[in-house]
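Q: My questions are about this predicted structure, shown below with the sequence.
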Amino acid sequence: QVQLVESGGGLVQPGSSLRLSCAASGFTLDDYAIGWFRQAPGKEREGVSCISNSAGSTYYADSVKGRFTISRDNAKNTLYLQMNSLKPEDTAVYYCAADSRLYSGTYYLKHGMRNWGKGTLVTVSS
């Protein structure tokens, strides 16, 4: 059974950094596409970043390119999202997700994945 547990959220000031973690179990990380999504209050869910399950390519939403970095530690079966230069508009619940199908990262960021964690709240405010 696929399980995803996020951690690392919190309240930070604009310009700060934060690293989110997603502990995965029930599957092997590099056999799945895995990524981060977020949903701000009153807004639709947005794909933030993902790693494809084929070539391991990384994909980013335009809004986070150059500020966020996705990575995974296969030995720990853990996914990370390093978030730098945080802005108030990054405030959202961040979800980890995984999918065994062979779609592109662009597809996943737009349409989401099949398996989801419960999310961790990131608040960027002064």
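A: The structure has been received and is ready for your questions. Numbering: from 1, shown residues only.

Q: C-alpha coordinates for stretch 94-102, PDB please?
A: Extracted in PDB, the C-alpha atoms of stretch 94-102 (Å, rounded to 0.1, in the frame of the first residue of the first chain):
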ATOM      1  CA  TYR A  94       1.900  21.300   0.200                       C
ATOM      2  CA  TYR A  95       1.100  17.700  -0.800                       C
ATOM      3  CA  CYS A  96       3.400  14.900  -1.900                       C
ATOM      4  CA  ALA A  97       2.100  12.600  -4.600                       C
ATOM      5  CA  ALA A  98       3.200   9.500  -6.500                       C
ATOM      6  CA  ASP A  99       2.100   7.600  -9.600                       C
ATOM      7  CA  SER A 100       3.300   4.400 -11.300                       C
ATOM      8  CA  ARG A 101       2.000   5.300 -14.800                       C
ATOM      9  CA  LEU A 102       4.300   6.500 -17.500                       C
END
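
Q: May I see the buried residues of that stretch?
A: Tyr94, Tyr95, Cys96, Ala97, Ala98, Asp99 (16 or more other C-beta atoms under 10 Å). All C-beta atoms are positioned from the backbone trio N, CA, C, and that covers glycine.

Q: element containing the spatially most central residue of the chain?
A: Centroid check for the chain by C-alpha atoms, centre = their mean gives Trp36 as the closest residue, at 1.7 Å. Taking DSSP states H and E as the criterion, the element that holds Trp36 is strand 33-39.

Q: Which strands and helices lie in contact with that strand?
A: Contacts defined by 3 or more C-beta pairs under 8 Å, 6 or more residues apart in numbering; DSSP states H and E place strand 33-39 against strand 18-25, strand 46-51, strand 68-73, strand 78-83, strand 92-99, helix 105-111.

Q: Quick one: closest of those to Thr123.
A: Judged by C-beta to C-beta, the one of these that comes nearest to Thr123 is strand 92-99, at 8.8 Å.

Q: now that closest one: how far from the chain's centre is it?
A: A distance of 5 Å separates the centroid of the chain from that of strand 92-99, by C-alpha atoms, centre = their mean, to the nearest Å.
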